[in-house]
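A.B. asks: Got a predicted model here, sequence first, then my questions.
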Amino acid sequence: MSFKESYLADLKRYTKVEGYLRRFHYYFRKEQSAKGIMKYWYHLCFSILKRKRGLEIHATSKIAEGLYLGHPYNITINPNAVIGKNCNIHKGALIGQENRGKRKGAPVIGDNVWIGINAVVVGSITIGEDVLIAPNSYVNCDVPSHSVVFGNPCVIKHKENATEGYINNII
């Protein structure tokens, strides 16, 4: 997908886009698509915007279009994580890797996933499509599609249309 298509898809997810988020998505998608000397300029602008709110999101991250950051403060996404379309990620969320053991690696997250406040998703795991991860949950196991996850350790409950009403303006 081109810069313009990805950028507009991200903005479409918001009902009202404040200036900070508009600039954040712009420089995030620009740094991903730019080449040559302009890549350094976009990297500088993107770095300044990230630090302003404590966001640790790398331009090399594989994040599909339709990213929605609810209350964008202190969100950490490992550069090796893969995130699908129409994902909502909220304040304090951590998507990280495990460095040893059977789950060594970073998560792969499917489309239409809602990740609540202070949720932690770690390890080489797969999160299916249409999954709601409740606030303050610790997820270190595979989660099938159409599920709600909560607690520590994670408890998985099957639910059709798990994110209905949580993920809006789907692209």
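C.D. replies: Sure, I can see it. Residues are numbered from 1 along each chain as shown.
A.B. asks: from here on, contacts and neighbour counts on C-alpha atoms
C.D. replies: Will do.
A.B. asks: What's the local residue count around the closest residue to C141 other than its chain neighbours?
C.D. replies: Nearest residue to C141, sequence neighbours excluded (Cα to Cα, 6 or more residues apart in numbering): I125, at 5.8 Å. By other Cα atoms under 10 Å, 21 other residues sit near I125.
A.B. asks: Using neighbour counts, pick out the buried residues of the lengthiest helix in the chain.
C.D. replies: Identified as the longest helix of the chain according to DSSP state H is helix 37-53. Residues of helix 37-53 classed as buried: 42-43, 45-47, 49-50 (neighbour count, 16 or more other Cα atoms under 10 Å).
A.B. asks: again with stretch 14-32
C.D. replies: 14, 21-22, 24-32.
A.B. asks: which residues touch that stretch?
C.D. replies: Stretch 14-32 is contacted by residues 3, 6-7, 10-11, 39, 42-43, 45-46, 49-50, 59-60, 68, 169 when judged by Cα atoms under 8 Å, 6 or more residues apart in numbering.
A.B. asks: Which two of those residues have the greatest separation?
C.D. replies: By the measure Cα to Cα, K39 and N169 form the most distant pair in those, at 30.1 Å.
A.B. asks: Okay, and the beta partners of V155?
C.D. replies: Counting by DSSP bridges, V155 forms beta bridges with F150.
A.B. asks: I'd like to know how far the spatially most distant residue from the centre of the chain sits from V82.
C.D. replies: In the chain, the residue that sits farthest from the middle, by Cα atoms, centre = their mean, is I37; the gap is 27.5 Å. Distance of I37 to V82, computed by Cα to Cα, to the nearest Å: 27 Å.
A.B. asks: Next: K12.
C.D. replies: To V82, K12 is 21 Å away according to Cα to Cα.
A.B. asks: before we move on, what about L8?
C.D. replies: From L8 to V82 the distance is 20 Å (Cα to Cα).
A.B. asks: How about A64?
C.D. replies: 8 Å.
A.B. asks: Over to S2?
C.D. replies: Using Cα to Cα, S2 is found at 18 Å from V82.
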